[in-house]
Structure formats: structure tokens, C-alpha cells
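J.: Return atomic coordinates for the entry below.
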Amino acid sequence: MTGGAGEPGAVEGTGRDEDAVARFVERFAAEMTEAGMQRMAARVFASLLAADDASMTSAELGRQLRISPAAVSGAVSYLGQVRMVGRERDPGSRRDRYRLHDEIWYAAFADRDQVLIRWERTLRDGARSLGEDTPAGARLRETAEFFEFMQAELVGVLDRWRESRRTSG
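T.: Numbering: from 1, shown residues only. Here you go, the predicted model:
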């Protein structure tokens with residue numbers, strides 16, 4: 001369909017090329033899947049990311065992605081568990097709307113900070129249990145040191161990001 005922007009695939013009055021949006025969604029979803037995210041969750045996440053208001057109903061997601069309501073439900077359930085997407089109600093409606101959380105990437109990496117701390121503690125305990133002078137204990141200790149370093153760097157990066165956003169916006 002041709003829309004108001006005069007581009008192939010554009011929707012009347014929006015200036016958006018829905019074919020280009022679909023290509024982006026599939027490309028970004030493939031990248032996220034390659035990095036370890038569930039395929040359907042990655043597609044739903046990418047669709048929400050590409051939506052102007054960062055939200056869609058289950059029916060909208062199903063239509064855009066050509067997937068079943070069950071596939072949408074499973075994907076948003078996973079995305080909710082990892083705190084990337086929230087569920088809300090349209091005012092005066094019984095329909096759920098799925099929305100990306102504000103500062104999604106900041107929150108995702110801030111959550112990762114807590115994971116790194118837990119992993120580091122567990123690895124240090126493991127190194128002590130195995131004996132820090134054994135090859136396995138030394139490997140666990142070195143891994144714990146790596147996670148300790150990464151956690152400290154991540155905190156600094158997140159602080160710099162916040163400062164960058166504060167001064168630019």
C-alpha cells in the first residue's frame with residue numbers, strides 16, 4: 001500500500017514505511033535471538049521498540065508479526081519475567097496493552113549489575129570450597145575477579161550514561 005508519504009508500504013498519514021518497519025523488526029529480532037533471547041520474545045520486543053508509543057495490544061502484535069495469540073502470550077510472559085515489558089489496561093477496556101518500560105536498556109543493565117554481584121559471591125565461595133590453590137579454585141577466583149571488575153565498570157558506565165542524559169536532555 002502507498003501512503004501519504006508517497007513511499008511504498010507507507011501508511012496513510014503516518015509517514016511510516018511498514019515494510020521497512022517489518023524488516024527492522026525481523027533483523028533486530030534475529031540479532032537478539034543470536035545473542036540468546038527466545039525468538040518470539042525478540043520479535044515482540046523489537047515490535048514494541050519500533051512502535052511510536054512503545055506499546056501494542058496482543059491483537060496488534062499478532063497482526064503485525066502474523067503470530068497466534070498463544071505465541072504473543074508466551075513472548076510477553078517471558079518479557080515480563082525479565083522486566084523488559086509491562087502490562088497495562090486501555091482505559092475503559094478489558095484489553096491488555098504491552099508497553100516497554102522506561103529506560104529499558106538502563107534498567108536491563110542495572111539488573112545485570114546485581115547478577116554480577118551474586119555470581120561473584122558464589123564464585124568466591126566456590127573457590128574457597130575447592131581450595132584457592134587448586135587449579136579449579138584458582139579458575140573460580142579469577143572468574144570472580146573478572147565479574148567484580150565488570151560490575152565496578154558497569155556501575156561507572158551507568159553513572160556516566162545518566163549524567164550524559166541529564167546534560168543532553
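
J.: Enumerate the positions of the helix or strand containing Ala59 that are buried.
T.: Per DSSP states H and E, Ala59 falls inside helix 58-65. Of the residues in helix 58-65, Ser58, Glu60, Leu61, Gly62, Gln64, Leu65 count as buried by neighbour count, 16 or more other CB atoms under 10 Å. Just so you know, the C-beta spots here come from the backbone N, C-alpha and C atoms, and that holds for glycine as well.

J.: what's the closest non-adjacent residue to the fourth one?
T.: In space, not counting the residues next to it along the chain, Gly62 is nearest to Val72; the distance is 5.3 Å by CB to CB, 6 or more residues apart in numbering.

J.: hmm, back to that, contacts for the helix holding Ala59, please.
T.: 22, 25, 43-44, 47-48, 56, 67-69, 71-73, 75-76, 95-96, 98 (CB atoms under 8 Å, 6 or more residues apart in numbering).

J.: picking that back up, in three-state terms, label the residue nearest to Gly62 for me.
T.: helix (DSSP: H, G, I helix; E, B strand; the rest coil).

J.: and the nearest residue to Arg89 once chain neighbours are set aside, what does it touch?
T.: Excluding its sequence neighbours, the residue lying closest to Arg89 (CB to CB, 6+ apart) is Asp96, at 6.5 Å. Neighbour list for Asp96: Thr57, Ser58, Arg87, Glu88, Arg89 [criterion: CB under 8 Å, 6+ apart].

J.: Now do Ile104 against Met84, distance only.
T.: 6 Å (CB to CB, to the nearest Å).

J.: Neighbour count: those two, which is higher?
T.: Neighbour totals were compared for Ile104 and Met84, and Met84 leads with 22 against 16 (other CB atoms under 10 Å).

J.: In terms of secondary structure, what does the strand or helix carrying Ala107 contact?
T.: Using DSSP H and E, the element containing Ala107 is helix 104-130. Other helices and strands packing on helix 104-130, by 3 or more CB pairs under 8 Å, 6 or more residues apart in numbering; DSSP states H and E, are helix 135-168.

J.: State the mean pLDDT of the helix it packs on.
T.: Here helix 135-168 scores 93 as its mean pLDDT.

J.: what's the distance between the residue nearest to Gly62 and Tyr98?
T.: 8 Å.

J.: One more: Ile67?
T.: 13 Å.
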